[in-house]
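>>> With the input below, show me the fold.
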Amino acid sequence: MTRNDDELMERLKKMKVKQTLDSEKKELMKMKIQKHARKKQRTAKRRSWFVWLAASAIILISGVLLYPVIIDDTALPSDENQQSDSGEHVTEPSPNQDPDAYGGASDSDSSTDEEDNEESEESEDIRVEELGEESYELMVEGMEETSTLYQFRFEPYGIEYEIDELLRSYTIVEDSVQHHLEDTDGASIRLSVKENNSIEEVAEKLAEDYHEKYEDVSEMEQPEDVDSPYSGLRQSALDTSGNEFDSFVGYYVFQVEKDVVLIEYEYMVEAGDGIGPRLQALVESLEV
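Residues are numbered from 1 along each chain as shown. Alright, predicted model coming up:
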């Protein structure tokens with residue numbers, strides 16, 4: 001064996017040793033890998049155990065919280081909005097609750113509703129029916145004029161009267177009918193009925209009001225210059241409260257059986273000569 005061969009054999013031995021050492025290293029590495037794998041597997045098992053335990057705790061807590069709600073829902077009636085046989089919604093108030101909160105009407109509310117109904121029915125009954133017309137003669141400032149009277153019936157009282165064409169226009173105001181010129185500020189005459197009253201009682205109340213509000217209030221007197229089958233009283237005054245003009249104001253009251261027919265008027269002082277005779281024509285035409 002030559003020297004070169006010896007050197008080659010030495011090298012091969014060294015390589016064999018290295019290969020042997022490499023196998024041992026490989027085995028050691030294999031053992032470390034298996035150990036690490038087993039440790040990782042135990043960690044994964046431990047982690048999955050914690051996950052399962054946490055999920056179980058969440059489910060348990062949710063069940064505890066939801067249990068009362070489920071019990072309440074099952075305790076409610078199947079139809080919360082029970083209806084009566086008529087199909088209307090019925091809600092039963094508790095004994096300690098105010099019935100007004102559930103739409104129940106108290107005695108005071110019922111009485112108020114009844115009064116409102118009576119008032120509305122009364123106002124609905126107030127109406128005026130036009131019956132016809134006729135010509136007539138009247139004196140204005142000492143001169144005779146020809147005009148037209150329109151005939152009306154004031155319901156439900158059955159009161160008939162005639163009024164000049166200048167005052168033919170009218171409006172229903174509460175429980176009365178008010179005739180007026182086209183310019184309502186120029187002149188107006190209002191008719192109403194005070195049921196179950198006397199002319200003295202009605203006139204006294206009006207007189208008190210007149211003395212508080214107006215100037216030059218006349219004495220209360222019987223209208224002797226008026227041709228009427230009914231006993232009556234009248235009074236007049238001067239209203240100076242207007243910004244542009246003064247007005248004559250006054251009233252007539254007539255006793256018609258148990259009721260009082262009230263005629264109230266107001267017109268500008270400047271229109272007195274024309275409105276005065278037309279007012280008298282109305283008063284004298286009054287008939288029930």
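>>> Give me the below-cutoff pLDDT ranges for the stretch 51-200 of the chain.
51-52, 62-64, 66-124 (pLDDT under 70).
>>> tell me the strands in it, going along the chain?
127-140, 143-155, 159-164, 170-173, 176-180, 187-194 (DSSP state E, counting those that start in this stretch).
>>> would you turn those into a markdown table with distance to Asp273 and mean neighbour count?
C-beta coordinates here come from the backbone N, C-alpha and C atoms, glycine included. As requested, the strands of the stretch 51-200 of the chain are exported to a markdown table (distance: least, Cβ to Cβ, whole Å; neighbours: other Cβ atoms under 10 Å):
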| stretch | distance to Asp273 | mean neighbour count |
| --- | --- | --- |
| strand 127-140 | 6 | 12 |
| strand 143-155 | 10 | 15 |
| strand 159-164 | 14 | 21 |
| strand 170-173 | 23 | 14 |
| strand 176-180 | 18 | 19 |
| strand 187-194 | 12 | 20 |
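>>> could you dump those strands to a markdown table with distance to Glu201?
Output for these, formatted as a markdown table (distance: least, Cβ to Cβ, whole Å):
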| stretch | distance to Glu201 |
| --- | --- |
| strand 127-140 | 26 |
| strand 143-155 | 21 |
| strand 159-164 | 20 |
| strand 170-173 | 22 |
| strand 176-180 | 18 |
| strand 187-194 | 8 |
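>>> Any idea which of those gets closest to Ser56?
strand 170-173 (83.9 Å; Cβ to Cβ).
>>> Tell me which other helices or strands that closest one touches.
strand 127-140, strand 176-180 (3 or more Cβ pairs under 8 Å, 6 or more residues apart in numbering; DSSP states H and E).
>>> Can you redo those as JSON lines, where the extra columns are distance to Leu149?
Shown next, in JSON lines, are these (distance: least, Cβ to Cβ, whole Å):
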{"stretch": "strand 127-140", "distance to Leu149": "5"}
{"stretch": "strand 176-180", "distance to Leu149": "12"}
